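J.: have a look at this fold, sequence not included:
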Ligand SMILES: C[S@@+](CC[C@H](N)C(=O)[O-])C[C@H]1O[C@@H](n2cnc3c(N)ncnc32)[C@H](O)[C@@H]1O
């Protein structure tokens with residue numbers, strides 16, 4: 001299993017508990033402080049099946065068809081090249097493998113004033129793609145989308161709340177699979 005943008009590793013730890021000793025979980029992140037915390041916590045658990053690697057999720061250092069499942073929580077919205085992220089997820093998945101992500105999308109295209117605001121990018125608003133574009137990018141990568149579900153998620157800052165209300169920025173969970181042939 002691969003966790004894109006694993007941060008301090010919480011989802012990767014849950015994944016390692018689910019995959020068990022026969023499985024393997026790779027957390028991928030490019031922020032040194034996040035990787036250091038995740039590795040420190042992993043060392044404390046003594047989980048040999050869990051590793052954290054320093055890489056951009058647009059260029060995964062993983063072999064073709066090597067993952068049963070790719071997960072990600074709140075990360076792909078932060079990437080300007082979402083097509084590259086989904087292409088990499090599709091490449092590393094084995095045929096029949098699953099992509100399961102939670103992310104932030106919008107109901108309408110965001111104006112330049114939002115997209116070019118660094119605080120709103122950091123708040124997971126500025127990089128939110130319109131939901132239909134997001135879904136189309138997954139399909140263009142060769143994956144089949146089975147389910148898109150809205151999540152109950154509230155933004156914290158006033159600015160983020162305002163942008164969310166104005167453009168329909170919200171959280172979704174998406175399940176897709178790689179065709180078997
Ligand atoms: C909002 S945090 C989410 C962390 C984790 N998934 C969680 O749910 O707690 C976003 C994480 O994605 C990482 N990230 C953002 N863009 C990335 C990229 N292009 N490649 C690798 N990691 C990235 C950041 O370093 C950060 O740790």
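T.: Sure thing, it's come through. Please read these numbers as outputs of a predicted model, since none were measured by experiment.
J.: which residues of this structure score low on pLDDT?
T.: The model of the chain has pLDDT under 70 over residues 46.
J.: after the longest helix along it, next one along is what?
T.: Counting by DSSP state H, the longest helix found in the chain is helix 32-45. Using DSSP states H and E, the helix or strand that directly follows helix 32-45 along the chain is strand 50-54.
J.: got the angle for that following strand vs helix 32-45?
T.: Put simply, strand 50-54 runs at 160 degrees to helix 32-45, going by axes from the mean of the first three to the mean of the last three C-alpha atoms, to 10 degrees.
J.: so how far is stretch 82-93 off the chain centroid?
T.: 11 Å (C-alpha atoms, centre = their mean, to the nearest Å).
J.: tell me where the chain has strands.
T.: 2-4, 25-29, 50-54, 67-73, 93-106, 129-130, 144-150, 170-177 (DSSP state E).
J.: for the longest helix of the chain, name the packing helices and strands.
T.: If you count contacts as 3 or more C-beta pairs under 8 Å, 6 or more residues apart in numbering; DSSP states H and E, helix 32-45 packs onto helix 10-19, strand 25-29, strand 50-54. Every residue, glycine included, has its C-beta placed from N, CA and C.
J.: run the last query once more with 6 Å
T.: On a contact count with 3 or more C-beta pairs under 6 Å, 6 or more residues apart in numbering; DSSP states H and E, helix 32-45 meets strand 50-54.
J.: touching the ligand at all, the strand it packs on?
T.: No. In terms of C-beta under 6 Å from any ligand atom, no part of strand 50-54 sits within range of the ligand; the closest distance is 8.7 Å.
J.: for that strand, name the packing helices and strands.
T.: Secondary-structure packing of strand 50-54 (3+ C-beta pairs under 6 Å, 6+ apart): strand 25-29, helix 32-45.
J.: ranking those by burial, who's on top?
T.: With neighbours defined as mean count of other C-beta atoms under 10 Å, these peak in mean count at strand 25-29, which reaches a mean of 26.
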